[in-house]
Structures are given as structure tokens and as C-alpha cells.
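> I would like the atomic coordinates for the input below:
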Amino acid sequence: MNKNRVTITDIASELNISPSTVSRALKDHPGLRKETKDAVRALAEKWDYQPNLLALSLLHRKSNTIGVIVPEITSHFFSAIITGIQDVVGKSDYNIMICLSNESYDEEVVLVKKLMNMQIDGVLVSTSSETENFDHLRKLQKNGIPVVVFDRDCPGLEADKVLVDDYSGAFQAVEYLIATGCKNIAHLGGPLNLSTTGHRLNGYLDALKKNNMPIREEYIVHVPGFSHKDGSKPAKKLIQLDNPPDAIFAMNDNIAISAMHVAKKMGLRIPEDISILGFDDEPHSSFFTPPLSTVWQPVYSIGMLSARILLSHLNSPDTVLEYRKEIFIPELVIRSSSKAN
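Residues are numbered from 1 along each chain as shown. Now for the predicted structure:
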């Protein structure tokens, strides 16, 4: 054999039989003699024959592959979700293909088109921070490809959704800060068009309203992204106000940790001078000094449930499609970056 990749035709030529006979032998067709099947299998193993999955997907219009589109993969949040997805899908006949949009709507649209061209069977997606139009996801659905949206909602898109009650998590966090005596609570919010940003902002606002506390526009600053560097300037802007906050509720843990770093550099004590509370409960958050108070999300379970819902559609393609909307409730985790109640 001189070729890099062994084909059914190569095996057929060596054994002086037809390619269709080789194909049936590899599928253990009952109409073939045992001697023929044994000879085909032995040579296939010797030559390390691997089926051409791309060719099979084009033939059968089915790839046995699920596309997973995420904004990024470096954070614990999305890596844990992907682990949950893999742990479910890995027990099925399907594989997963992970695609990164890098928080870009244009890149997300390109990825969807590529997945469709590859005869993808289903898609799990957490949209980018730029995505406001969901026509590319509707196109998947129109082509019979089921879509499950997780983490970031897509308002107006009819699809299965696995989300977290961000409003509840934010409301709990701000109510706790109020209960510990904080009077001037600021919010470092995320990009404005994200559903999670709006839900957490509303939770913050409603907690203040419920407790008859004033809402100050200067206390609400939105960050451009979710990394540590994205939170530094907005946090400094808040702390340098003439009437600075005595607490900051941040969109996520990375932004909260940026605020802690800035506060320390500006000579503030945490939590004596300023309480800081994040969202996500990233594993590293408990190792900072002081350890970060935050809101825990069941990220692994989000991945598992999203995968199970998609597989239920793929395994029962003839059933009437009924969309599910599952919402997890987050929990407050209190550490030393906020005052004790």
C-alpha cells in the first residue's frame, strides 16, 4: 500500500472482490459467508482502515455530529459547559464539534453556514455579545436542524433554551449588600445588548427599589467585555466619584476581581471600605485575597441538560417538536470580599 488513506476499493482490489462486498462485510451483512467477512475484517485491521465519515455524511445527509458554538473557551464557565455536553454526547452515537465565535456576530454567521455545509445534525449555541439578529439560527431550523440555546437568551427566537435566572442572582446579591449596611451600591454591567446584562441590571435596580434606595445613574457603568482588563477603567471611574460607592456588584467574577485590584491600588480596604461581589463563582475566585463573594451558577448541569434536550430531538425525529425552556436558579456564595451579615 502506497496511499496514506486506505479505502474500501483498496481492500476489494487486494481480495479480488467488489467494493460493495467489502462494505457489506464490514457491516456484518448476514448474506455473506463467514470466510469473506473474516478476510475483509482482517485486512481492514491490518491496514488500519477508517471509514470516510465526510463521504458517509454526504451520502446519508447525516454526520452524527453536533455543533457547539460558544463565544470563547478560556473561562471556566464555558469549558465546564462543554465538559457537561461531552459527558452526555460521549455516551451516544454522536460526536461534538466545538466552534468559537470570539464574541463576533459575523464569525458566528460564518460558523453556522459551515456547519450546515457539513451536514451537521444539531446545534448547541451560546450567542456572541454582538448578536442581535437570529436569522442564521432560524435558517438552521428551516433546514430541519434542531437548535438548543444555552446561557444567553435569544429573545424572539422559538427554540429550546437552557438558561440561568440572572435576575434572581443579581437581586439576591444586591439585597445581601443592602442587608450588610451598604448604602451606595454600584453596578459594573456587561455589554448592553446581551440578555444576561439586562437581567442582572434589572435585578440590581429592583433590589434597590424594593429597599427604597436611590438609583444613581453614575453608579451604573457598563464594561466592553468580560476579561480582567475590561473592568479596570470602569472600576476606577466609580471609585474616583465625588461620592464613591461603598459596594460594587459586578457582571462577572473577572470584572469583580479587576475592581478589587483597582480598589487596593487606590488604598481602599476590602470589605471595610468597599464590598465587592461578582457573578459565576469561577474556581480561582476563592483564592484571591480576600476571597471573592459571588453568585454560583450550575454550569456543568447547563451543558448536560442542553445536550440531553438536543439528543431527545435527534433520537425522535418524527415526534412533534415542542420547545422547552429550562431555567436554573443561582445561589449566593458569601466569602470575605463583602461585609458579613
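> residue ranges of the helices in the stretch 201-341 of the chain, please?
With DSSP state H, counting those that start in this stretch applied, the stretch 201-341 of the chain shows helices at 228-239, 253-265, 299-315, listed in chain order.
> For the shortest one, which outside residues touch it?
Taking Cβ atoms under 8 Å, 6 or more residues apart in numbering as the criterion, the residues outside helix 228-239 that touch it are 186, 188, 219, 221-224, 244-245, 248, 250, 254-259, 261-263, 266, 268, 274. Where you see a C-beta, it was placed from the backbone N, CA and C, and this is true even at glycine.
> low-scoring stretches of the stretch 1-150 of the chain, by residue?
Residue ranges of the stretch 1-150 of the chain with pLDDT under 70: 1-4, 52-61.
> before we move on, back to that, of the contacts of helix 228-239, keep whichever come out buried.
186, 188, 219, 221, 223, 244-245, 248, 250, 254-259, 262-263, 268, 274 (16 or more other Cβ atoms under 10 Å).
> Neighbours of the residue nearest to Val70 when sequence neighbours are not counted, how many?
Here the nearest residue to Val70 in space, its sequence neighbours aside, is Phe78; by Cβ to Cβ, 6 or more residues apart in numbering that works out to 4.8 Å. Using other Cβ atoms under 10 Å, Phe78 has 21 other residues around it.
> Work out for me the element Phe78 sits within.
In this structure, Phe78 sits in helix 76-89 according to DSSP states H and E.
> Now the element after that helix, going C-ward?
Proceeding N to C from helix 76-89, the next assigned helix or strand is strand 95-100, under DSSP H and E.
> list the helices and strands the helix or strand that that following strand is followed by packs on?
Where DSSP H and E defines the elements, the next helix or strand beyond strand 95-100 is helix 105-117. With contacts taken as 3 or more Cβ pairs under 8 Å, 6 or more residues apart in numbering; DSSP states H and E, helix 105-117 sits against strand 65-70, strand 95-100, strand 122-125, helix 135-142.
> among those, which is the most enclosed?
Here the criterion is mean neighbour count by mean count of other Cβ atoms under 10 Å, and of these the winner is strand 122-125, at a mean of 27.
> Is Ser20 located within a helix, as I assumed?
Yes. Judged by DSSP: H, G, I helix; E, B strand; the rest coil, Ser20 forms part of a helix.
> Can you report how many residues neighbour it?
That count, for Ser20 with other Cβ under 10 Å as the rule, works out to 11.
> now Gly267
8.
> quick one, what contacts it?
With Cβ under 8 Å, 6+ apart, Gly267 has no contacts at all.
> how does it look with 10 Å?
Shown in contact with Gly267 (Cβ atoms under 10 Å, 6 or more residues apart in numbering): Ile239, Asp273.
> Just put the helices and strands packed on helix 105-117 in CSV and tack on distance to Asn341.
Formatted as CSV, the helices and strands packed on helix 105-117 follow (distance: least, Cβ to Cβ, whole Å):
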stretch, distance to Asn341
strand 65-70, 36
strand 95-100, 40
strand 122-125, 38
helix 135-142, 43
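> you'd agree Asp253 is up against Phe279?
Yes. Using Cβ atoms under 10 Å, Asp253 is in contact with Phe279, at 6.7 Å.
> which residues do these two both contact?
Common contact partners of Asp253 and Phe279 (Cβ under 10 Å, 6+ apart): Thr294, Val295.
> Which of the helices of the stretch 201-341 of the chain sits closest to Ile98?
The closest of these to Ile98 is helix 299-315. By Cβ to Cβ, the value is 11.7 Å.
> Taking strand 65-70 as reference, get the angle to the closest one.
Calculated by axes from the mean of the first three to the mean of the last three Cα atoms, to 10 degrees, helix 299-315 forms an angle of 150 degrees with strand 65-70.
> Take helix 299-315, keep the C-alpha atoms, and write them as CSV.
Written as CSV, here are the backbone C-alpha positions of helix 299-315 (Å, rounded to 0.1, in the frame of the first residue of the first chain):
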residue,chain,number,x,y,z
VAL,A,299,-22.6,25.5,34.6
TYR,A,300,-21.9,21.7,34.2
SER,A,301,-25.6,21.0,34.6
ILE,A,302,-26.4,23.6,31.9
GLY,A,303,-24.2,21.7,29.5
MET,A,304,-25.6,18.3,30.4
LEU,A,305,-29.3,19.4,30.1
SER,A,306,-28.7,21.2,26.8
ALA,A,307,-27.1,18.1,25.3
ARG,A,308,-29.9,15.8,26.6
ILE,A,309,-32.6,18.1,25.1
LEU,A,310,-30.9,18.1,21.7
LEU,A,311,-30.3,14.3,21.7
SER,A,312,-34.0,13.8,22.5
HIS,A,313,-34.9,15.6,19.3
LEU,A,314,-32.3,13.7,17.2
ASN,A,315,-33.3,10.4,18.6
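> Please state the offset of it from the chain centre?
12 Å (Cα atoms, centre = their mean, to the nearest Å).
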